[in-house]
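In: Provide a 3D model corresponding to the input given below.
(one chain, ligands or ions: 2)
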Amino acid sequence: MHLSLSSSEPAEAEKGGERTLALMDEPKVTGTKPRTSWPRKALLILGFLFALAAIALVAMAVSQNKPLPKNIKYGIVLDAGSSHTNLYVYEWPAEKENDTGVVHQVEVCKVEGLGISGYSQDTEKAGLSLQHCMKRAQEVVPEQQHRETPVYLGATAGMRLLSLQNRSMADRVLSAVEKTLRSSPFNFQGARVISGQEEGAYGWITINYLLGNFKQPGWLNFLPHLRSSRGTSGALDLGGASTQITFAPDQELIESQENSLHFRLYGKNYNVYTHSFLCYGKDQALRLKLATDLQSTQNGSLLDPCFHLGYLRIMNISDLYTNPCIANGEQQLPFTQLHLQGNGDYQRCRMTIQKIFNTSYCPYSSCAFNGIFLPPLQGEFGAFSAFYFVMNFLNLTTEKSPVPLDKATSAVESFCSRPWHEIGSSDAGWTLGYMLNLTNMIPAEKPPTRPLSHASYVGLMVFCSLVLVAVLLLSWLTFHKPKCLQKGLI
Ligand SMILES: Nc1ccn([C@@H]2O[C@H](COP(=O)(O)OP(=O)(O)O)[C@@H](O)[C@H]2O)c(=O)n1
Ligand SMILES: [Ca+2]
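Out: Ligands and ions are numbered 1, 2, ... in the order given. Take a look at the predicted model:
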C-alpha cells in the first residue's frame with residue numbers, strides 16, 4: 001500500500017526507483033530504525049541550543065543580580081541642646097544611599113553633664129564632656145570605617161542665646177568641642193550653631209522620613225500620572241530653650257518670608273511653614289513665667305500653682321536673669337532671692353502661664369503669639385523631644401492611636417494635684433534630617449527605582465524563560481512531529 005507521500009511525488013518515484021522504494025517501505029516498520037530527515041535534525045539542534053541559551057540567560061540573571069555583600073555606611077550627629085548633648089550613630093546600606101527609609105539609628109549616647117552652652121565659664125570642659133560618647137561611637141562604627149564616617153555637631157537654642165549674649169564666649173565653646181571632634185578618628189565635618197529655621201526644617205524632614213511619607217509604592221512608578229500626592233505630617237519640637245513648629249499649610253502663600261521653606265524632595269515640591277520660638281522651650285518659658293510673676297510680688301515670695309503642693313525652692317534672682325530671654329527687670333527688684341512655694345493647681349497654672357504669650361496684636365491674617373505669623377493648622381503632627389518626655393512620664397505614649405486632648409489634659413491635671421512628696425525613648429529630633437541633608441541623601445529628584453524586588457525579578461525571569469522554551473518545544477512538536485508520534489507509537 002502506497003502512502004500519500006509517494007503518490008504526491010509520482011514523477012520522482014518513477015525517476016528514482018530505489019529512493020521511492022525506501023520511502024514506500026518505511027511504514028512497514030519491520031524493526032529498522034526510522035530515519036530522521038536533515039531539517040528535523042537541524043530543528044532538534046536549534047531547540048537544544050535555544051534551551052541552553054535560556055538556561056544560561058537565567059543563570060546569568062541570577063548571578064548578576066544577586067544582592068552584593070552588605071556594605072554599610074555610618075554617620076554621626078551630635079545634638080548639642082540647651083539642657084544636654086546627645087550623640088547619634090546612623091547606618092545605611094551603601095548601595096541604597098538615596099532610597100527613602102533606609103537610614104537607621106544604631107546608637108544614642110547621652111553626654112553626661114550640662115549642655116555645651118552651660119560651660120561658658122569653663123569652655124575646655126565643653127570639649128572634654130564629649131569624649132566618653134566619642135569613644136562609644138568608635139566601638140559602634142567598625143574601625144576600618146572610622147576615617148570615612150562623617151561627624152557633625154549642631155548646637156541649638158542654648159548656644160543661640162549664648163551667641164546673642166556673648167559672641168566670643170560662644171565661639172570659644174564651639175572651638176573646644178571642635179578640638180575634641182577633630183581629635184577623633186572620624187571625618188569631622190563641622191560644629192556650628194544651627195538656625196531655628198534649620199532646626200524646624202530638619203525636624204520636619206526627620207518625622208516625614210521616619211513615617212515613610214516621601215516613599216511611593218513601587219508599582220506606582222509604572223504610572224507616574226497616578227502617583228499619590230500623599231500628605232505630610234507636621235513636626236512639633238519642644239526643647240528646653242526653644243520650640244519649633246513646622247508643617248505644610250493648606251494655603252499656598254506664606255505671608256511671612258522668614259517662615260517659608262521650599263523643598264524639592266524625591267521629585268516633589270513642598271511649601272512648608274516653620275517657626276522657632278526662641279525662649280519658649282520648656283525651661284526658658286518657665287523662667288519667663290517666674291520673672292513675670294516676680295514683678296507683682298513685694299518680697300520675693302511666690303505661691304505658684306504650677307508646682308506641686310509642698311514644693312519649696314529658694315533661688316537667687318541673679319540666676320534667673322542670666323540670658324536675653326528675660327528683659328532687664330532685675331535692677332528694679334527690691335529683693336535678691338525668690339522663695340517659691342507650690343500649690344499644685346492646673347487651672348490656675350494655665351492662667352498664669354498665659355501671661356507670657358502676648359496675643360493682643362497680629363500684623364498678619366493669623367498669628368501664634370507675640371505677633372508671629374501662623375497659618376491655620378493642617379493635618380496631623382508628630383510631637384517629639386520634651387513633648388514626648390512629658391507624655392511618656394504620664395504613661396500616655398503606650399497607646400497605638402493618638403491620645404485625645406481631653407485625656408492628656410486630665411492626666412496632667414491629676415498629676416499636678418498630687419503632693420510633691422508623693423512623686424518619686426524615642427529619638428525623633430532634627431539630627432536625622434540634618435545628616436540626611438548634609439550627606440546629600442535626600443535628592444531633589446526621585447532616583448530611578450527598580451519596579452520589582454530582586455526575588456520577584458529572578459522568579460519572573462525563570463518563569464518567562466520556561467514558558468518560552470515550552471512554547472518552542474510545543475510548536476516544534478506540533479509542526480514537525482516525528483513519525484513515531486504521528487503514528488501514536490510513542
Ligand atoms: N529624658 C528627658 C530628656 C530631656 N528632657 C527635656 O527636654 C528638653 C530638651 O531640650 P534641649 O536640650 O534639646 O534644648 P533645645 O536646645 O532644643 O532648646 C529639656 O527641657 C529637657 O529638660 C526631658 O524632659 N526628659
Ligand atoms: Ca532639642
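In: How is the closest residue in space to Asn323 that isn't next to it in sequence assigned, secondary-structure-wise?
Out: Once flanking residues are discounted, Asn323 sits nearest to Leu161: 4.7 Å by CB to CB, 6 or more residues apart in numbering. (Each C-beta comes from the backbone N, C-alpha and C, glycine too.) Counting by DSSP: H, G, I helix; E, B strand; the rest coil, the backbone at Leu161 sits in helix.
In: Show the pLDDT at Leu161.
Out: In this model, Leu161 is scored at 97, pLDDT.
In: so it touches Leu278, yeah?
Out: Yes. Judged on CB atoms under 8 Å, Leu161 makes contact with Leu278 at a distance of 7.2 Å.
In: Spell out the secondary structure type for the nearest residue to Pro249 once chain neighbours are set aside.
Out: Nearest residue to Pro249 in three dimensions, chain neighbours excluded: Pro375, at 4.0 Å (CB to CB, 6+ apart). With three-state DSSP as the basis, Pro375 sits in coil.
In: Equivalent analysis for the one 3 residues further on, please.
Out: With three-state DSSP as the basis, Gln378 sits in coil.
In: Near it, how many residues? Count them for me, please.
Out: Look at Gln378: counted by other CB atoms under 10 Å, it has 15 neighbours.
In: One more: Leu114?
Out: Close neighbours of Leu114, defined as other CB under 10 Å, add up to 18.
In: and if you look at Val111?
Out: Counted with other CB under 10 Å, residues neighbouring Val111 total 22.
In: Contact partners for Leu438?
Out: The neighbourhood of Leu438, defined by CB atoms under 8 Å, 6 or more residues apart in numbering, consists of 150, 152, 189.
In: How much space separates it from Ser385?
Out: According to CB to CB, to the nearest Å, Leu438 and Ser385 sit 21 Å apart.
In: what does Leu294 give?
Out: 28 Å.
In: who has more neighbours, these two?
Out: Comparing Leu294 with Ser385 by neighbour count (other CB under 10 Å), the higher total belongs to Ser385, at 25 against 21.
In: Name all residues that make contact with that one.
Out: 237-239, 428-429.
In: Who is it paired with across the strands?
Out: Assessed by DSSP bridges, Ser385 has beta-bridge partners Leu238.
In: And the residue of the stretch 51-200 of the chain closest to ligand 1?
Out: Gly81 (2.5 Å; CB to the nearest ligand atom).
In: I'd like the contacts of Ser385 written out as JSON lines, with pLDDT added.
Out: Converted to JSON lines, those look like this (pLDDT from 0 to 100):
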{"residue": "Asp237", "pLDDT": "97"}
{"residue": "Leu238", "pLDDT": "97"}
{"residue": "Gly239", "pLDDT": "97"}
{"residue": "Ala428", "pLDDT": "80"}
{"residue": "Gly429", "pLDDT": "86"}
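In: okay if I get those as CSV plus neighbour count and distance to Tyr209?
Out: Shown next, in CSV, are these (neighbours: other CB atoms under 10 Å; distance: CB to CB, whole Å):
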residue, neighbour count, distance to Tyr209
Asp237, 29, 15
Leu238, 21, 20
Gly239, 31, 20
Ala428, 22, 10
Gly429, 27, 12
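In: Looking at these, which is nearest Ala176?
Out: Ala176 has its nearest neighbour among the contacts of Ser385 in Gly239, at 22.0 Å by CB to CB.
In: So for whichever residue of the stretch 351-490 of the chain sits closest to ligand 2, what's the pLDDT?
Out: Residue of the stretch 351-490 of the chain nearest ligand 2, by CB to the ion: Ser385 (5.1 Å). On pLDDT, Ser385 comes in at 95.
In: From Asp79, how far out is it?
Out: According to CB to CB, Ser385 stands 10 Å off from Asp79.
In: Make sure Gly429 is indeed in a helix.
Out: No. If the criterion is three-state DSSP, then Gly429 is coil and not within a helix.
In: give the contact list for it.
Out: 79, 86, 203, 206, 237, 384-385.
In: Give the rounded mean pLDDT of stretch 116-123.
Out: Mean predicted lDDT for stretch 116-123 stands at 97.
In: That stretch: how far from the chain's middle?
Out: Taking the mean of its C-alpha atoms, stretch 116-123 sits 32 Å from the chain's own mean (CA atoms, centre = their mean, to the nearest Å).
In: Restricting to C-alpha, output that stretch in CSV.
Out: Provided in CSV are the C-alpha atoms of stretch 116-123 (Å, rounded to 0.1, in the frame of the first residue of the first chain):
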residue,chain,number,x,y,z
ILE,A,116,27.6,72.9,75.9
SER,A,117,26.3,76.4,76.5
GLY,A,118,26.4,75.7,80.2
TYR,A,119,30.2,75.6,80.0
SER,A,120,30.6,79.3,79.0
GLN,A,121,32.7,80.0,82.1
ASP,A,122,34.9,76.9,81.6
THR,A,123,34.9,76.3,77.9
